[in-house]
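Chemist: this is a predicted model, with the sequence first.
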Amino acid sequence: MRASLLQVAVNEDESVEARRLRVAGMVRDQAGADLVVLPELWTTGAFAYEAFGTEAEPLEGPTCEAMAKAARDAGVWLHAGSIPERDPDGPLYNTSLVFSPSGALAAAYRKIHRFGFDQGEAVLMGAGDELVTVRLPQTTLGVATCYDLRFPELFRGLVDAGAETFVVPAGWPERRRSHWTLLAQARAVENQAFVLACGTAGTHAGVPQAGHSIVVDPWGEVLAQAGPGEEVLTVDFDPATVAGTRERFPALKDRVLGLEPPKRR
Ligand SMILES: NC(=O)CCC(=O)C(=O)O
C-alpha cells in the first residue's frame, strides 16, 4: 500500500483560496498512491483562531467540494485533513474528512480533544463524541486529530473498533516536536498499528510548525519522516504486518480491563 502525506506549508502570505487551489493540485499529483493524507486545519492554520469563524464552512462547502473532486481526479482515498466545520444547528467543529476514490465523503470525524486549555480551539469549537473508523480495501483506518495523540484511550477505542492504521492530521508546533515523534511511536507500539501522522510546515499566527510528518510501523520503527519544510512524504507499507505483529507478540490479548481504584487504608 502506498501512502503520500502532504506536509503543507501554512503561511499568512497565501490566501485560503489560493492554498485550497494549490493543495488540490498537490492531491491530483498523487495519482497512483492508495491513500493521500493532509494536515489539520490547513486552510486556516491550527493556531489562527480568529480565522476559524470567518473561514468555517459546512460539509458541502468549498474545501469539501475541491477535495472530493481532487480525490476523484487522482483516483485515491483522501484523508483531507480537517476544516473548521460550521454546523448550522450547533457550534464550530474541527472536522476531518475522508473521501473515497469516487469522490464520495466516506467519513467525517469531529475532533474529540480540543487544544488550548481555556483559549483558542478549546473555547471556540465544540467537542466531537464519536470514534470513527474507515474500511479501505487494504486496511481499516482509525482517525484522530493532533492533540488526540496525547490520549491513548482514544486509540484503544479505535483498536477495539478494528483499526489497524491510525491517520493523524496535525498542526503541531515546533516547540513540542520531541513529543510529536515520541507519541507517534508510542501509539504505534502500544496498539501494534501503523501511524501515519501528517503535520503542517511554515509559520502562522506567530507559531512555527514542527513539520516532521512521520510514518511508524506496528513495531514502533520509523519508516519515514519528513523534514521541517513543505514536503510530500511517500511510503510503501504492508498492512498485513499488523496481524502478523499482533499474532507473534500478542500483548493486546493480555489487557486487563475494569481495574479497581486503590483501596483506602
Ligand atoms: N492543534 C493541536 O491540537 C495542537 C496540539 C499541541 O500543540 C500539543 O498537543 O502539544
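Modeler: Alright, I've got the coordinates.

Chemist: tell me the buried residues in the lengthiest helix in the chain?
Modeler: Identified as the longest helix of the chain according to DSSP state H is helix 177-191. Within helix 177-191, the residues that count as buried by 16 or more other Cβ atoms under 10 Å are 177, 180-181, 183-189, 191. Every C-beta, even on glycine, is put in place using the N, C-alpha and C of the backbone.

Chemist: in terms of secondary structure, what does that helix contact?
Modeler: With contacts taken as 3 or more Cβ pairs under 8 Å, 6 or more residues apart in numbering; DSSP states H and E, helix 177-191 sits against helix 152-160, strand 165-169, strand 194-198, strand 214-216, strand 222-225.

Chemist: quick one: average pLDDT of the fourth one?
Modeler: I take that to be strand 214-216. The average pLDDT within strand 214-216 is 99.

Chemist: cool, and stretch 223-239?
Modeler: In the prediction, stretch 223-239 has an average pLDDT of 98.

Chemist: same for the lengthiest strand in the chain, what does it pack against?
Modeler: Criterion DSSP state E: the longest strand present in the chain is strand 77-86. Applying 3+ Cβ pairs under 8 Å, 6+ apart, one finds that strand 77-86 contacts strand 35-37, helix 49-55, helix 62-74, strand 92-99, strand 105-110, strand 165-169.

Chemist: mind redoing it with 7 Å?
Modeler: Using 3 or more Cβ pairs under 7 Å, 6 or more residues apart in numbering; DSSP states H and E as the contact test, the elements touching strand 77-86 are strand 35-37, helix 62-74, strand 92-99, strand 165-169.

Chemist: P228 touches S213, doesn't it?
Modeler: No: counting by Cβ atoms under 7 Å, P228 stays clear of S213, with 10.3 Å between them.

Chemist: so the two - more neighbours on which side?
Modeler: S213 (30 against 17; other Cβ atoms under 10 Å).

Chemist: I'd like to know how far that one sits from L59.
Modeler: Using Cβ to Cβ, to the nearest Å, we find S213 at a distance of 25 Å from L59.

Chemist: do the same with A24
Modeler: 17 Å.

Chemist: and what of S4?
Modeler: Remark: distance between S4 and L59 (Cβ to Cβ) = 24 Å.

Chemist: of these two, who's got more company?
Modeler: Shown here are S4 and L59; by other Cβ under 10 Å, S4 has more neighbours (24 against 14).

Chemist: so that one: helix, strand or coil?
Modeler: The three-state label given to S4 by DSSP: H, G, I helix; E, B strand; the rest coil is strand.
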